[in-house]
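> fold the stuff below for me.
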Amino acid sequence: MNLALLFGASSGAGALLLLSALLRPRPSVAVQVARHDAVRRTSRRTLLSEAEAAASAAPRRALVGPGSATGRLVAALADRLEVLSAERGWRLHRTCADLAVLGRGTGEFLATKVVAGLVLLLLAPVCWAVLRVCGVPLPGGVPLPLALVLGAAGFLVPDLALRSDAERRRRDFRRVVGVFCDLVAMNLAGGRGLPEALLSSASVSDYWALVRIRQALANARLLGTTPWEALGELGTELAVPELVDLSGALGLASDDGAKIRASLSARAATMRRRDMADTEGQAGEKSQSMLVAQLLLCTAFMVFLAFPAVSNLVGQS
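Modelled structure (predicted):
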């Protein structure tokens, strides 16, 4: 009875928190300013290419539908959580950098964490009740600890998935930065100035990384800042140190075209060697993992072959 009361109280508290996050009271001045800051950060975040955005939105539309109740509920929860995080001053530096690389919003990520945690939290008691109805004898203390463990796992798993996806995305962005350095060096060799060479090199393709660089350069032209400052801000936002280093090098040598060309060529070669070394290291790790799996498989097979003989010897003794 006590466990049932405790589980009911925790479920009620979770439902109350969800309703308080969804319900919209009269917004105060702080909420309005936080919402404005969130919209401004979202508008400054570089857009993905149209093909990639359509590809990423298609599964979502197929899952919840643009006008379904589930889609509206999740969108309202995401909007509310983004405003709440901005109002409370939650920094989330690493998470914001990962979300910026993936082109996702903070509210969408927080809503995913909350929904996944609640779904897995309610999954354990529902399964326990179904099994009890079917006649499976289960102790009454199982649902609460299992629900807490599953709820915590559902709340933390999106963070792990975000880290993995963002790291893969940054690795791809680093490769593009190396190619971008080569393109800028070739444009400088053709007689173009540094700003024109940067914008022309970023306009050769609609790949998502070049789109991010191109829009950062276009925003710098509109805001009246230098292109290398825009690249540095983009590198800081995405947590890509190679782009920040490139910005510093361009800022220091912006008046000497020959040295810029040599520096960019050397930087691109260094990035390629580093990427090759990382790729070889990952291949070596996978080879070692396969070797360990093969050793475990051989050991299990040897135990399987030797078990009858050992069992007979032990039985005779």
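> for this structure, which helix is longest?
Among the segments of the chain that qualify as a helix by DSSP state H, the longest is helix 257-316.
> what helices or strands is that one leaning on?
In this structure, helix 257-316 packs against helix 143-189, helix 241-252, with contacts taken as 3 or more C-beta pairs under 8 Å, 6 or more residues apart in numbering; DSSP states H and E. C-beta here means a position set from N, CA and C on the backbone, and glycine is covered the same way.
> pLDDT (mean, whole number) over that helix?
Helix 257-316 shows an average pLDDT of 84 in the prediction.
> related to what we said a few turns ago, among the helices and strands packed on helix 257-316, which is nearest residue 260?
Distances from residue 260 to each of the helices and strands packed on helix 257-316 were compared using C-beta to C-beta; the shortest belongs to helix 143-189, at 6.2 Å.
> reformat the helices and strands packed on helix 257-316 as a markdown table; add mean neighbour count and distance to residue 211.
Conversion of those to a markdown table gives the following (neighbours: other C-beta atoms under 10 Å; distance: least, C-beta to C-beta, whole Å):
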| stretch | mean neighbour count | distance to residue 211 |
| --- | --- | --- |
| helix 143-189 | 17 | 10 |
| helix 241-252 | 18 | 14 |
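> redo the ones you listed as CSV? Include distance to residue 84 and mean pLDDT.
Output for the helices and strands packed on helix 257-316, formatted as CSV (distance: least, C-beta to C-beta, whole Å; pLDDT from 0 to 100):
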stretch, distance to residue 84, mean pLDDT
helix 143-189, 16, 89
helix 241-252, 31, 87
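> quick one: closest of those helices to residue 268.
Each of the helices and strands packed on helix 257-316 was checked against residue 268 via C-beta to C-beta, and the shortest separation belongs to helix 143-189, namely 3.9 Å.
> chain center to that closest one: distance?
The chain centre lies 5 Å from the centre of helix 143-189; the measure is C-alpha atoms, centre = their mean, to the nearest Å.
> the helices and strands packed on helix 257-316: which one's closest to residue 309?
Each of the helices and strands packed on helix 257-316 has some distance to residue 309 by C-beta to C-beta; the shortest is helix 143-189, at 41.7 Å.
> what helices or strands is that closest one leaning on?
The elements that helix 143-189 packs onto, with contact taken as 3+ C-beta pairs under 8 Å, 6+ apart, are helix 2-22, helix 93-102, helix 106-133, helix 194-202, helix 208-223, helix 241-252, helix 257-316.
> next, format the helices and strands packed on helix 257-316 as a markdown table and append distance to residue 103.
As requested, these are exported to a markdown table (distance: least, C-beta to C-beta, whole Å):
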| stretch | distance to residue 103 |
| --- | --- |
| helix 143-189 | 9 |
| helix 241-252 | 16 |
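> out of the ones you listed, which is closest to residue 262?
helix 143-189 (8.3 Å).
> tilt between the closest one and helix 106-133?
With axes from the mean of the first three to the mean of the last three C-alpha atoms, to 10 degrees as the criterion, the two stretches helix 143-189 and helix 106-133 enclose an angle of 150 degrees.
> begin at 678 from here
Yep, numbering from 678; the last one is helix 820-866 now.
> so helix 820-866 versus helix 934-993, what angle?
Here helix 820-866 runs at 150 degrees with respect to helix 934-993, directions being taken by the same axes, to 10 degrees.
> quick one: helix 820-866 to helix 871-879, angle?
Direction vectors for helix 820-866 and helix 871-879, defined by the same axes, to 10 degrees, enclose an angle of 120 degrees.
> right, and the helices and strands packed on helix 934-993 - which one's nearest residue 961?
Closest approach to residue 961 among the helices and strands packed on helix 934-993 is made by helix 820-866 (16.5 Å; C-beta to C-beta).
> ok so, going back, nearest to residue 800, of the helices and strands packed on helix 934-993?
Counting by C-beta to C-beta, residue 800 lies closest to helix 820-866 out of the helices and strands packed on helix 934-993; the figure is 6.0 Å.
> tell me where the model's unsure across the stretch 678-827 of the chain.
678-685, 687-688, 691-745, 764-766, 817-818 (pLDDT under 70).
> how about 80 then?
Applying pLDDT under 80 to the stretch 678-827 of the chain flags residues 678-752, 754, 756-770, 805, 808-809, 812-821.
> what residue lies at the spatial centre of the protein?
Residue closest to the average C-alpha location in the chain (C-alpha atoms, centre = their mean): residue 839, at 3.0 Å.
> now do the contacts for the closest residue in space to that residue that isn't next to it in sequence.
Using C-beta to C-beta, 6 or more residues apart in numbering and skipping residues adjacent in sequence, the residue nearest residue 839 is residue 775, 5.1 Å away. Going by C-beta atoms under 8 Å, 6 or more residues apart in numbering, residue 775 touches 839, 840, 842, 843, 916.
> what's the most distant pair in those?
Pairwise distances across the contacts of residue 775 peak at 13.6 Å for 842 and 916 (criterion: C-beta to C-beta).
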